[in-house]
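Asker: Next one to model:
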Amino acid sequence: MSSTAEHLPSHAGAVVLTAVPGPPVWPGDPETLGATPRTGPDGVPGTNFALWAGGAEAVELCLFAADGTETRCPLTESTHEVWHGFLPGVGPGQAYGYRVHGRWDPWTGARWNPAKLLLDPYARAVDGEFALPPTVYGHVRDWPDQAVADTVRDGRDSAPYVPKAVVVGDEDPADGGSWRQERPGTPWADSVVYELHVRGFTMRHPGIPPELRGTYAGLAHPAAVGHLRRLGVTAVELLPVQQFAHEDHLLRRGLRNYWGYNPIGYFAPHAAYCASGTRGQQVGEFRRMVRALHAAGIEVILDVVYNHTAEAGEFGPTLSLRGIDNRAYYRLADDARRYVDHTGCGNTLGTGHPRTLRLVTDSLRYWVTEMGVDGFRFDLAAALARSPRDGAPDMLAPFLAAVAQDPVLRGVKLIAEPWDVGPGGYQVGAFPPPWSEWNDRYRDAVRDFWRGAAPDLADLGYRLSGSSDLYAWGGRRPSASVNFLTAHDGFTLRDLVSYERKHNEANGEDNRDGTDDNRSWNCGLEGEAAEPEAGGAQAADAGIGALRRRQLRNLLVTLLLSTGVPMLVAGDEMGRTQGGNNNAYCQDNEVSWVDWSLAREPEWRALTDLTARLVALRRAHPVLRRAEFFSGRPTPRGVRDLAWFRPDGREMAEGDWFTPSTTIGMYLSGRDLPGRDPRGRRVRDASFLAVLHAGAEPVPFTLPGPPWASAYDVVVDTSWEYGTPSLRYRGGETVTVRERSVLLLQAVDAGRAGPKTG
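Answerer: Numbering: from 1, shown residues only. Below you'll find the predicted structure:
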C-alpha cells in the first residue's frame, strides 16, 4: 500500500530534520540495551547506547544540554535491529532521547516519525514531564477531518514538550556505596500487605519534614516507617512508581493522573516522587527507601502496569514505543491501523513479541536485582496472559512461561489482578503457581454479609477459609488468595459504611465514571453530614456514627481472621474518607491523601489500635495464617480442623448452607496443624471460635462444649468500641451476641477451664 502522503496532503509546518554535528560515535555493542556508562577502548570513559528498533531505517541519538540545545548523533551500527554506539566523554546526568526514521503507513501499522523525540524504553531515569500540545502527536491531531486525522503525519518537532531520558551510573555517590542488603523474605502465609500511595501516604503527615512529603524519602522517614511497624504489616504494595504521564483530558480539566496507571518508562522511578533531584537522583533515593523499609522488616511490592502504555490508541500521542516499532510493541487489530484494547486504555502491550517480552522481563529483573524490590502486583494481568495468536486467555502464554522459568522472577512475590476488560478476561482462580491473586469474590462475599444482603453462606464459608474452591489445584495454597475488602479503586472502608452511591462529581465526568456495584450500606444516612432526604439534622444521630465504626471493626476483624493473605489499604485503619468518591484516580489532593489528623481523634485511634492488635494476634497464632488448606476432617484429637456452627451450638449440616442466616460460627482448630517447624516438630496452637452476626437484633449463641472446648476466653468483641472486657464463658453456655458484631473467642482445653470472669 502506498504511503499516507499520497492519500492526503502533508501537514504544513513540517520541520526539516537536519543533523547537528555531534561528538564522535564509536561502534559500541548491542548486548546491553539502554544507556550504560562504562570504560571504552583504551580506557576512555563514556556511555554505550543501544536501542532495538525493528524495521527502522535510521536512528539518531539526541543529546540535550542544560539550556535545551540538542545535538544529534546518528547511530550507524545495527546488529539484529539493535542500533548502538559508544560516546566517549558522555556520563551520568546526560539527558538524551531518540529520533527513529522509517515508513509512515498507518494502514499497515507503520508509524515512524523522526520529528518526534522518543523516550528510551530502557531509560533508568526521566527528567521533566510530558505536556500534550498537538506537536507531541505523531499524527495531525487538529486535522479538519478527525476520522482520518491519525493517518496524516505531523512534522512538527516535539522535543520541547517531552521529558528526556537521563544516563544513570551504577551507584549513587550519596548512597554511600553499595545499597544491597538482606531482604526480609517473609513467607507468603505470614504476610500482611498494606497498599499505599507514596505521595498520598506522606503528603499530610505532620512528622515528615515538608520538603520530604510526597516522596520516596518521605516514605523512608522514621515517622512513616514507624506507623507501618506499629501496625505490624509485613509488606507495602506501592501504587505505580514507574514513570507515568498525565492524560490530555485530565490536563485540560486542571487535573492529574494521581494513581499512576499510565506508564511510559518501565525502568525509571517516577521523577515527581523524588525529593533530591530528577537527573538520576531518583534511583538512589528509591533504593534508600527500600533499604529503610527492609531494615524495618517490611517488604516492597510494586504495582506494575505492563498491560498498556500512556500512548493510548491510534489517536494518542507518540512518546516512545509507538515511534520505535509500533507493530512489535502493541497488539494490532486485523485492521493494523487500529489497536486491540483489552485494557480499556486504548492499547494493549504485545507481550507475545520476543522483544516486547524481553522489555517486560528485563524491567522486572532490574527492579528486583538493582532496586531491591520483593515482588509485583500486575495490573490487569489477564492482558499479559493472552495468546499471541488468537488473543484468548492462555495460562501457557509467553509471559507466564517466561516468568515461570526465570531464576530471578520465579522466586519473588507475584500477584495477579486476574482480569482485564477483553472477552473472557475474568480469570480469578486460573493463574498457575506460584502466582497469588486479588480475590474479588472474597471482597464481594464479605461486603454482602455485613451489609445485610441475603448472603450465600456456602460462598462466604469458602472465602473465610481460604477459597479452596478456587485455588486448591496444582499445588496452590491459601496464600494464592489475596483477601481484600477495599483497594485504591473504589470506596475506602469508611466510605463503604457511609455511602450507597458514588459521588465522583469532582472528577469532571458528570459522575459517570467509577463502578455502581459498591455493595455498600450507609447505615441509614448518605454521607458524613445530614442530608434533607435522610431526615435532616435528626438523622445525623451519634448512633449512626457508632454503628458505622462498629461495622468497620466487623470488617477488619473478618479480614484479619480469614485464611489467605490479607491486604489493608492505607488509612482504612484510621477512618480515611474520600467523601464518597469511588474513582479518585485524578484527585491528587486532600480527597486522596491520608488525613493524619484522624489519628488524634479517640474513636479513630481506637480503630488503629484494634487493627494493630489483630495483626499481632495473627502473627502470634499459626492457626490464623495457615499455610495449607483445611481438610474438614477430624484431627487425631477428635475435632475437625475447621468446623461451622449454628446459633443453637450444633454443627452446620449441608442444608444449613442454603438456608438464609445472618449468623455463623467458625471454629479454627490449632491442634495438630499441618506442617512442621524448622526443627521438624509438629506445630500446635490455640483454637478459636469466631461468631459473625450481621443481624439487626442481638442473637443467643450456644458455645460448643467438649471436645471443642471446656471454656472460651473473649479476645475481641466488636460491640465494644474501646477495648474488650476480660470474660470467660463455659462450653455449652448460651451467650448473647450483640447486633451486628463479631465475638472472637479463644478455646480453653478441658481441665483448664476456670470460673467465668468479668
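Asker: which residue is nearest the middle of the protein?
Answerer: Centroid-nearest residue in the chain, with CA atoms, centre = their mean: D303, separated by 3.5 Å.
Asker: Next secondary structure after the helix or strand hosting that residue?
Answerer: Assigned by DSSP states H and E, D303 belongs to strand 299-304. Once strand 299-304 ends, the next helix or strand along the chain (criterion: DSSP H and E) is helix 321-329.
Asker: Other residues contacting that next one?
Answerer: Helix 321-329 is contacted from outside by 51-56, 98, 100, 108-113, 116, 118, 121, 138, 309, 311, 316, 330, 332, 336, 349-350, 353, 355-356, 359, using CB atoms under 8 Å, 6 or more residues apart in numbering. C-beta coordinates here come from the backbone N, C-alpha and C atoms, glycine included.
Asker: angle of the helix or strand just after it against helix 321-329?
Answerer: The helix or strand immediately downstream of helix 321-329 is helix 354-369, counting by DSSP H and E. Relative orientation of helix 354-369 and helix 321-329, computed by axes from the mean of the first three to the mean of the last three CA atoms, to 10 degrees: 110 degrees.
Asker: Which strands or helices does helix 354-369 pack on?
Answerer: Judged by 3 or more CB pairs under 8 Å, 6 or more residues apart in numbering; DSSP states H and E, the packing partners of helix 354-369 are strand 263-269, helix 321-329, helix 398-405.
Asker: one more time with 10 Å, if that's ok
Answerer: strand 45-52, strand 263-269, strand 299-304, helix 321-329, strand 375-378, helix 398-405 (3 or more CB pairs under 10 Å, 6 or more residues apart in numbering; DSSP states H and E).
Asker: so R279 sits in a helix?
Answerer: No - read with DSSP: H, G, I helix; E, B strand; the rest coil, R279 is coil and lies in no helix.
Asker: Name all residues that make contact with it.
Answerer: A66, P92, G93, Q94, A95, A125, D127, K164, V166, V167, V168, A271 (CB atoms under 10 Å, 6 or more residues apart in numbering).
Asker: Tabulate the residues you listed (JSON lines), appending secondary structure, neighbour count and distance to D374.
Answerer: Shown next, in JSON lines, are the contacts of R279 (DSSP: H, G, I helix; E, B strand; the rest coil; neighbours: other CB atoms under 10 Å; distance: CB to CB, whole Å):
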{"residue": "A66", "secondary structure": "coil", "neighbour count": "8", "distance to D374": "37"}
{"residue": "P92", "secondary structure": "coil", "neighbour count": "20", "distance to D374": "27"}
{"residue": "G93", "secondary structure": "coil", "neighbour count": "17", "distance to D374": "29"}
{"residue": "Q94", "secondary structure": "coil", "neighbour count": "21", "distance to D374": "31"}
{"residue": "A95", "secondary structure": "strand", "neighbour count": "22", "distance to D374": "31"}
{"residue": "A125", "secondary structure": "strand", "neighbour count": "30", "distance to D374": "22"}
{"residue": "D127", "secondary structure": "strand", "neighbour count": "19", "distance to D374": "28"}
{"residue": "K164", "secondary structure": "strand", "neighbour count": "24", "distance to D374": "31"}
{"residue": "V166", "secondary structure": "strand", "neighbour count": "28", "distance to D374": "26"}
{"residue": "V167", "secondary structure": "coil", "neighbour count": "25", "distance to D374": "27"}
{"residue": "V168", "secondary structure": "coil", "neighbour count": "26", "distance to D374": "22"}
{"residue": "A271", "secondary structure": "helix", "neighbour count": "21", "distance to D374": "23"}
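Asker: where do the helices sit along the stretch 351-500 of the chain?
Answerer: Ranges of helices in the stretch 351-500 of the chain, per DSSP state H, counting those that start in this stretch, are 354-369, 398-405, 440-451, 457-464, 468-471, 493-496.
Asker: For the longest one, buried residues please.
Answerer: So that's helix 354-369. R355, T356, L357, L359, V360, T361, D362, S363, L364, Y366, W367, V368 (16 or more other CB atoms under 10 Å).
Asker: was I right about the last one contacting D362?
Answerer: Looking back up the chat, that one is V368. No - look at V368 against D362 with CB atoms under 10 Å: they stay out of range, at 11.1 Å.
Asker: Pull the number of nearby residues for the closest residue to W104 other than its chain neighbours.
Answerer: With CB to CB, 6 or more residues apart in numbering as the criterion, W104 has its nearest non-adjacent residue at 4.6 Å, and that residue is R153. For R153, the neighbour count with other CB atoms under 10 Å is 24.
Asker: For R153, give its distance to S320.
Answerer: 17 Å (CB to CB, to the nearest Å).
Asker: about what we covered before: could you point out which of the helices and strands packed on helix 354-369 sits nearest H197?
Answerer: strand 299-304 (9.5 Å; CB to CB).
Asker: Domains in the chain, by residue range?
Answerer: Following automatic domain parsing, one gets these domains for the chain: 4-166, 195-619, 633-748.
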